[in-house]
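Colleague: attaching a predicted model along with its sequence, questions to come.
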2 protein chains.
Amino acid sequence: MARVTLQTIADQVGVSRMTVSNAFSRPDQLSAELREKILAAAEELGYAGPDPSARALARGTTGAVGVLLTDSLRNAFADEVATTFLGAIAEELRPTGLALTLLSASERPEMIPARDVPMDGALVYSCNTQSTAVDWLRRRKLPLVFVDQAPWPGVPSINIDDRSGARLAAQHLVDLGHRRIDIVTTSILGPKGIVDDPISAADGHVVRQRMLGWLDALHEAGIEPTVFQEWHSDEGSGKESANEAAGILLDKPQRPTAILCFSDVIAYGVVQAASARGLIVPDDLSVVGFDDNPLAQRMRPALTTVRQDVAAKGHAAAAALTSAIERSRTGATTRVRHVLLPTELVVRDSTAEPPSTP
Amino acid sequence: MARVTLQTIADQVGVSRMTVSNAFSRPDQLSAELREKILAAAEELGYAGPDPSARALARGTTGAVGVLLTDSLRNAFADEVATTFLGAIAEELRPTGLALTLLSASERPEMIPARDVPMDGALVYSCNTQSTAVDWLRRRKLPLVFVDQAPWPGVPSINIDDRSGARLAAQHLVDLGHRRIDIVTTSILGPKGIVDDPISAADGHVVRQRMLGWLDALHEAGIEPTVFQEWHSDEGSGKESANEAAGILLDKPQRPTAILCFSDVIAYGVVQAASARGLIVPDDLSVVGFDDNPLAQRMRPALTTVRQDVAAKGHAAAAALTSAIERSRTGATTRVRHVLLPTELVVRDSTAEPPSTP
DNA sequence: CTTATGTACTATACCGATAAAGAACGAAAT
DNA sequence: ATTTCGTTCTTTATCGGTATAGTACATAAG
């Protein structure tokens, strides 16, 4: 049996194909009775409605938007910050009826989602701006929104004030009297281990901004931190590698009295490493995280960290995307907006004055 | 300027459109030099590769698969069990290069993702089998896989052994000597509160299977539990409403000495309610959860629960889907498989012998 | 009674690709 | 020298819809 299409139904009912199309897509274009008749015939023939792919081609819209994530999706789902972000996007998208397509860097070159999957627009979340996937999206001239990435001319972006937040975190430690402050950060591609030039070693916009913020405050206080760059591993969100990183810093001859961390997850690892060495946080070592991951509240001691409103970021991102799509449809040419959401220092129990000189 | 299509490039280079298509999609069909020339021309004209929608129509495949979730996506992302499941799917899908499209029940009737979004197949996760979204997917004759749903003839399904797991949980309490055992379960649509006929009140396959399992063991021991059905609220994964539910059970004249819970999240709420009343878990009240959510380990006391391997479920689901898609492509007609993954009782610190009669 | 205005459909023309079969031509096999 | 291929392109025929501009007829306005 051949496939049922609009034409099948049209023939059956004795009308033109276009009228059947209208029965489904523009009910006001035909009489109610005829529409009923057509719908009944469709039902009877087991027609499921206009084929989405064909419709997508003819209309130029697919009803789905993509979100491109650097990390393997596996990691994204294991990361509470990422899931909160995605959840907020989903929530914002819901009233629009758009589906959310998760784009991953696949392993085979003949199948590149960013290039091959039909969509109406995409969010680019914390990706290497040079990555090929981003490049494909841009070439397709899809409406895009960059999130946690370096603002790009012509592309709306949503960022948080990483630099200010990081500065606050570092200043907090300085104010408490710390002078030996080290940093555990992360890197996508860069070398693992202690780095000499932390700013140029920071690949990725967020990594760099936070580094700049920390150094703003530390340099002002005349402090030169040792910077350890961990490899954002594919497993376990790097809790272990942070553990290892902290180990190296803590075993230095001149042990730091405080450590600034790129994320709360890393901070967690650092606290563990400290505990393993019999160090008490915050008495012997102060630790500051970033993000205000739910984990930060659960930890013992509760973690001092820099809060970002991830849900707000997600909402803003989705809203920016829908409006970018709208704009590209109407051809309207509003000025591209670059949003910078605030960050805030949350002092909890993982920071204190440095121990009196031993 | 008109849009760049295969034809534009064909004209520019002076070959047929088909040859240009082959240059992108079937490199072995033309000489290397010509291909280079075509690719260069495409690059120059700013062509991003074959239009995904057009290709989807012509080829009949889109490169994306859907996953339908009952819950609003917002909830799914807030639920560690769901995110683990999705993560496992993503991981299994990765080598195939398929993108994952999240389908939600949208609010507007003219835009129904399950009906309107192009995809090659879909996972149906813990949905009401009668829901309209599922119905659309079925009508479209898409390759489907049901997960945590009543097996359906002709549709591959992945389930866990909810009933056995629940029976083990209940038996565990019976073996400890409990005789007053109550249940806090959940319901999508059903009434909220104490229900008289728990089995018929259990909408949803999983809910019913677990209920059957609990009652298997309890009835065998001559125990008739009070069953409280909470409303799976849209907020906070029901921690609060579980709290409320537990309150009602614990304030009964004959207070239970143990409570069986539909999920670990509910169990968490129950423990909180108990604590609020000054009851010690497990001394005054034993509590058993379900799922072995990471939360179960974090809780104090650590929660006795029934473990399911959510990651395995996700892998199995994705694998079943890709093979179903493959099957529908080749027309092969393998027998449909219904997988039942094992569950296992994990005894931790939230269960103990009942308090000696006061 | 002619002219506007709607309503209900139809005709035509794409949307941007791919599949399958055919043509042209040189190289290898008989 | 003739047949048989294989390679490299081209031709033709869809894929299943939608937009836009008609056409036909009925009703209201002038």
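Modeller: Looks like it came in fine.
Colleague: A:Ile158 in helix, strand or coil?
Modeller: Three-state call for A:Ile158 (DSSP: H, G, I helix; E, B strand; the rest coil): strand.
Colleague: near it, how many other residues are there?
Modeller: A count of neighbours around A:Ile158, defined by other Cβ atoms under 10 Å in any protein chain shown, yields 27. The way it works is simple: take the backbone N, C-alpha and C, and place the C-beta from them, glycine included.
Colleague: next up, the contacts around the residue in the stretch 251-358 of chain A positioned nearest to DNA strand C.
Modeller: DNA strand C sits closest to A:Ser328 of the stretch 251-358 of chain A, with a gap of 13.8 Å, by Cβ to the nearest atom of the strand. Contacts for A:Ser328 (Cβ atoms under 8 Å, 6 or more residues apart in numbering or on different chains) come out as A:121, A:143.
Colleague: quick one: low-confidence ranges for the stretch 151-300 of chain A?
Modeller: Along the stretch 151-300 of chain A, segments meeting pLDDT under 70 span A:232-240.
Colleague: ok so, going back, element containing the residue of the stretch 251-358 of chain A closest to DNA strand C, please.
Modeller: Under the criterion DSSP states H and E, the helix or strand holding A:Ser328 is helix A:310-330.
Colleague: at contact distance from DNA strand D, anything in that helix?
Modeller: No: using Cβ under 7 Å from any atom of the strand, helix A:310-330 never reaches DNA strand D; the gap is at least 11.2 Å.
Colleague: next helix or strand past that helix?
Modeller: Read in the C-terminal direction, the helix or strand following helix A:310-330 is strand A:338-341, with elements assigned using DSSP H and E.
Colleague: that following strand - contacts with which helices or strands?
Modeller: Applying 3 or more Cβ pairs under 8 Å, 6 or more residues apart in numbering or on different chains; DSSP states H and E, one finds that strand A:338-341 makes contact with strand A:157-160, helix A:310-330.
Colleague: any idea which of these is most buried?
Modeller: Mean neighbour count (mean count of other Cβ atoms under 10 Å in any protein chain shown) peaks for strand A:157-160 among the helices and strands packed on strand A:338-341, with a mean of 24.
Colleague: helices or strands up against that strand?
Modeller: The helices and strands touching strand A:157-160, judged by 3+ Cβ pairs under 8 Å, 6+ apart, are strand A:144-147, helix A:310-330, strand A:338-341.
Colleague: out of those, the one nearest B:Thr84 is which?
Modeller: Distance to B:Thr84, taken as Cβ to Cβ, is lowest for helix A:310-330 among the helices and strands packed on strand A:157-160, at 19.4 Å.
Colleague: and that closest one, C-alpha only, in PDB?
Modeller: Extracted C-alpha coordinates of helix A:310-330, given in PDB (Å, rounded to 0.1, in the frame of the first residue of the first chain):
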ATOM      1  CA  VAL A 310      21.600  29.900  36.200                       C
ATOM      2  CA  ALA A 311      17.800  29.800  35.700                       C
ATOM      3  CA  ALA A 312      17.700  33.400  34.800                       C
ATOM      4  CA  LYS A 313      20.500  32.800  32.300                       C
ATOM      5  CA  GLY A 314      18.500  30.000  30.800                       C
ATOM      6  CA  HIS A 315      15.300  32.100  30.500                       C
ATOM      7  CA  ALA A 316      17.200  35.000  29.000                       C
ATOM      8  CA  ALA A 317      18.900  32.700  26.500                       C
ATOM      9  CA  ALA A 318      15.700  31.100  25.400                       C
ATOM     10  CA  ALA A 319      13.900  34.400  25.200                       C
ATOM     11  CA  ALA A 320      16.700  35.900  23.200                       C
ATOM     12  CA  LEU A 321      16.600  33.000  20.800                       C
ATOM     13  CA  THR A 322      12.900  33.100  20.200                       C
ATOM     14  CA  SER A 323      13.200  36.800  19.500                       C
ATOM     15  CA  ALA A 324      16.100  36.300  17.200                       C
ATOM     16  CA  ILE A 325      14.100  33.800  15.300                       C
ATOM     17  CA  GLU A 326      11.200  36.100  15.200                       C
ATOM     18  CA  ARG A 327      13.400  38.900  13.900                       C
ATOM     19  CA  SER A 328      14.900  36.700  11.200                       C
ATOM     20  CA  ARG A 329      11.400  35.800  10.100                       C
ATOM     21  CA  THR A 330      10.100  39.400   9.900                       C
END
